[in-house]
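# below is the sequence, then the predicted model.
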Amino acid sequence: METIRFSEVQDANFGRCMKMENGVIELLVTLDFGPRIIYCGLCGHDNILYQDPTHRALGQPFPVYEGDVCRLYGGHRLWISPEILPRCYHPDNLPVECVEIKDGLEFIAPIEKFSQIQKSMAIVLGKGSCGVEITHKVTNHGLWEVELAPWAITQLAPGGVTAIPLVGPDTVVLPNRRLAFWDYANPGDERLTLGREYAIICQCPEATEAFKMGLYNHSGFGAYFNRGQAFFKHFDVADGQFPDFGCNYEVYTNHNFLEAETLGPLTTIGHGENVSHKETWQIYPENEIPKTEAETIRIIRKYLDENN
């Protein structure tokens, strides 16, 4: 059985990072800002995540942040929904604390100066397995209650294809699924294919417009195929009210990357209270990128039980 190893390394583009590895999967998690998982891939394979080494500003500068700006960086991050400006664009440019836990590390950001929110990610590796478990936690240190949903966003490398299950419960003559489109998205976009069981979205480096779609994902997973790997993002399907017309899973793409986003239910937390949201990632070697729904179903069934 492979040993789980942690080591601090210096990345040329992102500074101090913790390298997490178990002989199957490698991760890099930032220490000088974030936390962000900036690298994830099978050993011997390329990074499945998108990186922005230029650290360009994300969105407009907001006067409330006194000259500091939220930066793209790339990788996997924790935000809070609904997407209310300027709250969700709070800069995360300060060093984070790293604490060792069983089979993993917890990365704890400082309390945000303006929102009084604190974010953390506890990352656990399976011994000799292709799995990563991430527990995202949002804590309210402010004096007033705040309603929010934890929002886990994974920016994925360009050139791949994502597949999201559409199937809901058997409701006989009643509807069992709904889709949400953002105001800038064209539902007839050529990057989107809607099948009976899956929505398929291609990341296209030649695209000139952004696209975003969301849904209530009853199956609790999405998949991305790229760079010789099949990346599965599982999450807990919870009851409750969700933002964005009831979405717990959203996909955004532009010419640079594709984002796979999961959300927890809207929760009101008071001073000192927190809310958590868990994802489990699994990565497999897979050279085929599906082009049709039939190919998508065939590939996914290699890795998931048909009842999921």
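Yes, it's here.
# what about the nearest residue to residue 176 once chain neighbours are set aside, neighbour count?
Residue nearest to residue 176 in three dimensions, not counting chain neighbours: residue 168, with 3.4 Å by Cβ to Cβ, 6 or more residues apart in numbering. All C-beta atoms are positioned from the backbone trio N, CA, C, and that covers glycine. If you count neighbours by other Cβ atoms under 10 Å, residue 168 ends up with 16.
# please report the distance of residue 168 from residue 197.
Relative to residue 197, residue 168 is positioned 11 Å away (criterion: Cβ to Cβ, to the nearest Å).
# show me where pLDDT drops low in this protein?
Screening the chain residue by residue with the criterion pLDDT under 70, one finds the ranges 1, 305-308.
# so residue 164 sits against residue 247, correct?
No: in this structure residue 164 lies outside contact range of residue 247 using Cβ atoms under 8 Å: 11.0 Å.
# higher neighbour count, those two?
Comparing residue 164 with residue 247 by neighbour count (other Cβ under 10 Å), the higher total belongs to residue 164, at 24 against 21.
# partner strands of the one helix or strand that one maps to, with direction?
Assigned by DSSP states H and E, residue 164 falls within strand 161-165. The strands beside strand 161-165 in its sheet (DSSP bridges) come out as strand 198-202 (antiparallel), strand 221-226 (antiparallel).
# picking that back up, sec struct for the residue nearest to residue 176, please.
Using DSSP: H, G, I helix; E, B strand; the rest coil, the secondary structure recorded for residue 168 is coil.
# quick one: contacts for it?
Contacts of residue 168 were listed using Cβ atoms under 8 Å, 6 or more residues apart in numbering, and they are 176-177, 216, 218.
# which parts of the stretch 51-200 of the chain are strands?
Secondary structure of the stretch 51-200 of the chain (DSSP state E, counting those that start in this stretch): strands located at 76-81, 97-101, 104-108, 117-125, 131-140, 146-156, 161-165, 179-181, 192-194, 198-202.
# so residue 19 versus residue 253, what's the distance?
Using Cβ to Cβ, which is the criterion applied here, residue 19 is 29 Å from residue 253.
# could you do residue 54 as well?
Taken as Cβ to Cβ, the spacing of residue 54 relative to residue 253 amounts to 19 Å.
# what's the closest non-adjacent residue to residue 207?
residue 255 (4.7 Å).
# next, count neighbours for that neighbour.
If we define neighbours as other Cβ under 10 Å, then residue 255 has 13 of them.
# what does residue 159 give?
The tally of other residues near residue 159 (other Cβ under 10 Å) stands at 15.
# hmm, it is touching residue 226, no?
Yes: with contact defined as Cβ under 8 Å, residue 159 and residue 226 form a contacting pair (5.8 Å).
# spit out the residues that contact those two alike.
Each of residue 203 lies in contact with both residue 159 and residue 226 under the rule Cβ under 8 Å, 6+ apart.
# rewinding a little: quick one: residues in contact with the strand holding residue 164.
156, 197-203, 215, 217-219, 221-226, 249, 251, 258, 260, 289-291, 296, 300.
# is there a quick ChimeraX command that grabs whichever of those are buried?
Selection command for ChimeraX covering only the buried members of the contacts of strand 161-165, criterion 16 or more other Cβ atoms under 10 Å:
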select :156,198,199,200,201,202,203,215,217,219,221,222,223,224,225,226,249,251,258,260,289,290,296,300
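# partners of whichever strand or helix holds residue 213, with directions?
Following DSSP H and E, the helix or strand that holds residue 213 is strand 211-215. Taking DSSP bridges as the criterion, strand 211-215 forms sheet pairs with strand 179-181 (antiparallel), strand 249-253 (antiparallel).
# buried stuff in the first one?
Residues of strand 179-181 classed as buried under the neighbour-count rule (16+ other Cβ under 10 Å) are 179-180.
# now do it: everything it contacts.
With contact meaning Cβ under 8 Å, 6+ apart, strand 179-181 is reached by 187, 199, 212-215, 244-247, 250.
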